[in-house]
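Chemist: A predicted structure for the sequence below; I have some questions about it.
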Amino acid sequence: MAERRVGLWLIGAVGGVGATATLGLSALRRGLAEPVGLTTALPEFAGLDLDAPAEFVVGGHDIRQATFADAVQELYKQSHVFSPALLAGCARDLDDWSANLRPGTLLGAGETITRLGDRPDLVRFASARAAITQVQRDLHDFRTRHRLEQVVVLNVASTEPPFTLTPAHATLAQLDTILDQPDALPASSVYAYAALDLGWPYVNFTPSTGAGIPALAELAQLRQAVFGGKDGKTGETLLKSVLAPMFAERNLQVLSWVGHNIFGNRDGIVLNNPSNKASKIRTKDALLAQLLGYKPQSHVSIEYIESLGDWKTAWDHIHFAGFLGTKMTLQFTWQGCDSLLAAPLVLDLARLALFAQRQGQVGVLSQLACFFKSPMGDDDHHFGRQFAKLVAYAAQHHRTPPVSVS
Ligand SMILES: NC(=O)c1ccc[n+]([C@@H]2O[C@H](COP(=O)([O-])OP(=O)(O)OC[C@H]3O[C@@H](n4cnc5c(N)ncnc54)[C@H](O)[C@@H]3O)[C@@H](O)[C@H]2O)c1
């Protein structure tokens, strides 16, 4: 059977997460790495007709002037991740795929992100409609040049400040009346509109608005497209969604939950702006009340500490009451390399979104909830139940009955 050819189009392609996902894809297709960290490599998903790493071509938008090789070298030097042998083994793919990088749009991205934009060919669009048109041209060109059957658009760009929806965002017809204005949509939603309007899958790995607009859900239905998000659940929040159910299910009463996060990558620089940070804190703090059934006192801090590079430390202090009102404490320290935690999830999401589209699914990909801090289409943050839903989805879509692994 002829191999499928599919595309992964990354928004924020040469950032830490985008470049690491790209390097990882190359390493997997060349047999230079094991699929450790990929959920879709688990036996539960072996029966799904997912795209193999060798079937992918990568491209993307960014606002900074860099190649994939520059981006992984930066991580290598600053954060001491990857081996020289791995970088050398993947160099050719990174060069080939860097030819697919295009200037992104800064329309509606906010001040802090705009300051990052240093590509000399960035266009200042006069309206959201003009930016959407250009993004669609780039997407079409990528698909045609590489003769791709499908392309998934995945947002791994910097976190935008919160965006306030207006009545004009309620329906597609109303949105159309404001699209000629420059501030009709944040940049993440310009890309989401462009992808969904083409009928292509769009996945939002960031806390930015993306496809989270009623008019864009309507657009997805109209064009028979799928979308999912938002904000990848990779570290501290993943642990929260595992540990909070334990307190609830043992009937221990959480009195307060304090989480301090420190890290020094470019995402940290952007999140250092209080407005951009507000988007992130919102997605990191929202789950406790749902998981516990009440809202304990909580605090989340995110601080940029330059020397740490991509290595994030989260220190959480959980104060809880046990039998006879006895107060006790759980503390944990999580030291993870942000881009290495995120990259395999990006590949999982790309494979699962392309698969869902081939299955004829339309609208929100609620089966992907376990990957996100603010899952779209599912209010449940319980990691165990979210993962069970993904496994049940996989069992329903096996080409052949799953092989027993006991
Ligand atoms: N573990 C994780 O790393 C993790 C987990 C969850 C969510 N995220 C989110 O993923 C995103 C990427 O994280 P990162 O560490 O790679 O950040 P990064 O700063 O290294 O990369 C972001 C990239 O996006 C580009 N960009 C910004 N605005 C753009 C626009 N309008 N169009 C095109 N490109 C644009 C930047 O130039 C940069 O290259 C962030 O929003 C972050 O909050 C990361």
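Modeler: Yes, it's here. This structure is a prediction, so every number in the text was calculated from the model and none was measured.
Chemist: only C-alpha atoms for contact and neighbour calcs from this point on.
Modeler: Will do.
Chemist: average model confidence for stretch 389-401?
Modeler: Averaged over stretch 389-401, pLDDT sits at 88.
Chemist: An error on my part: the question was meant for stretch 10-19.
Modeler: For stretch 10-19, mean pLDDT rounds to 98.
Chemist: ok now it, how far from the chain's centre?
Modeler: In terms of CA atoms, centre = their mean, to the nearest Å, the centre of stretch 10-19 is set 10 Å apart from its chain centre.
Chemist: Please point out which parts of that stretch sit buried.
Modeler: Using 16 or more other CA atoms under 10 Å as the test for burial, stretch 10-19 gives L10, I11, G12, A13, V14, G15, G16, V17, G18, A19.
Chemist: What of stretch 51-65?
Modeler: Those would be 51, 53-54, 56-65, for stretch 51-65 by 16+ other CA under 10 Å.
Chemist: Then stretch 355-365?
Modeler: Buried positions in stretch 355-365, judged by neighbour count with 16+ other CA under 10 Å: F355, A356, Q357, V362, G363, V364, L365.
Chemist: can you pull the contacts of the first one?
Modeler: Contacts for F355 (CA atoms under 8 Å, 6 or more residues apart in numbering) come out as D49, L50, D51.
Chemist: Give me the three-state assignment for it.
Modeler: helix (DSSP: H, G, I helix; E, B strand; the rest coil).
Chemist: Could you list the contact residues of the stretch 1-150 of the chain toward the ligand?
Modeler: Within reach of the ligand by CA under 6 Å from any ligand atom, the stretch 1-150 of the chain has these residues: 11-12, 14-18, 61-64, 104-106, 109, 113.
Chemist: swap the cut-off to 5 Å and go again
Modeler: I11, G12, V14, G15, G16, V17, H61, D62, I63, R64, G104, L106 (CA under 5 Å from any ligand atom).
Chemist: Could you verify my assumption that the fifth one touches C337?
Modeler: No - contact status for G16 versus C337: not in contact, 10.3 Å apart, counting by CA atoms under 8 Å.
Chemist: Please name the residues that touch the residue in the stretch 301-406 of the chain that the ligand sits nearest to.
Modeler: Using CA to the nearest ligand atom, the point where the stretch 301-406 of the chain gets nearest to the ligand is D338, with a distance of 3.9 Å. In this structure, D338 makes contact with V17, T234, D310, W311, K312, judged by CA under 8 Å, 6+ apart.
Chemist: please redo it, this time with the cut-off set to 6 Å
Modeler: D310 (CA atoms under 6 Å, 6 or more residues apart in numbering).
Chemist: how about it, phi and psi?
Modeler: phi -50, psi -50 (degrees, to the nearest 10).
Chemist: separation between Q253 and L291?
Modeler: 12 Å (CA to CA, to the nearest Å).
Chemist: So which of these two has more stuff around it?
Modeler: L291 (23 against 18; other CA atoms under 10 Å).
Chemist: starting at the chain centroid, how far to the helix or strand where that one lies?
Modeler: L291 is part of helix 287-292, with elements assigned from DSSP states H and E. Distance of helix 287-292 from its chain centroid, counting by CA atoms, centre = their mean, is 22 Å.
Chemist: Whether the helix or strand just after that helix contacts the ligand - can you check?
Modeler: For helix 287-292, the succeeding helix or strand toward the C-terminus, using DSSP H and E, is strand 297-304. No - if you take CA under 5 Å from any ligand atom as the test, strand 297-304 misses the ligand, and the best it gets is 11.3 Å.
Chemist: anything in the helix-or-strand element of the chain with minimal mean pLDDT near the ligand?
Modeler: Here the helix or strand of the chain ranked lowest by mean pLDDT, DSSP states H and E is helix 274-285, holding a mean of 75. No - on the criterion CA under 5 Å from any ligand atom, helix 274-285 is out of touch with the ligand, staying 6.9 Å away.
Chemist: ranges for the strands of the stretch 301-406 of the chain?
Modeler: Applying DSSP state E, counting those that start in this stretch to the stretch 301-406 of the chain gives strands spanning 311-321, 327-337, 363-364.
Chemist: Specify the angle between the second one and strand 311-321 in degrees.
Modeler: So the one you mean is strand 327-337. 170 degrees (axes from the mean of the first three to the mean of the last three CA atoms, to 10 degrees).
Chemist: So for strand 327-337, what gets flagged as buried?
Modeler: Q335, G336, C337.
Chemist: which helices and strands does that strand pack with?
Modeler: Contacts defined by 3 or more CA pairs under 6 Å, 6 or more residues apart in numbering; DSSP states H and E place strand 327-337 against strand 311-321.
Chemist: Note down every partner strand of the strand it packs on and its orientation.
Modeler: Here strand 311-321 is paired, per DSSP bridges, with strand 253-263 (antiparallel), strand 327-337 (antiparallel).
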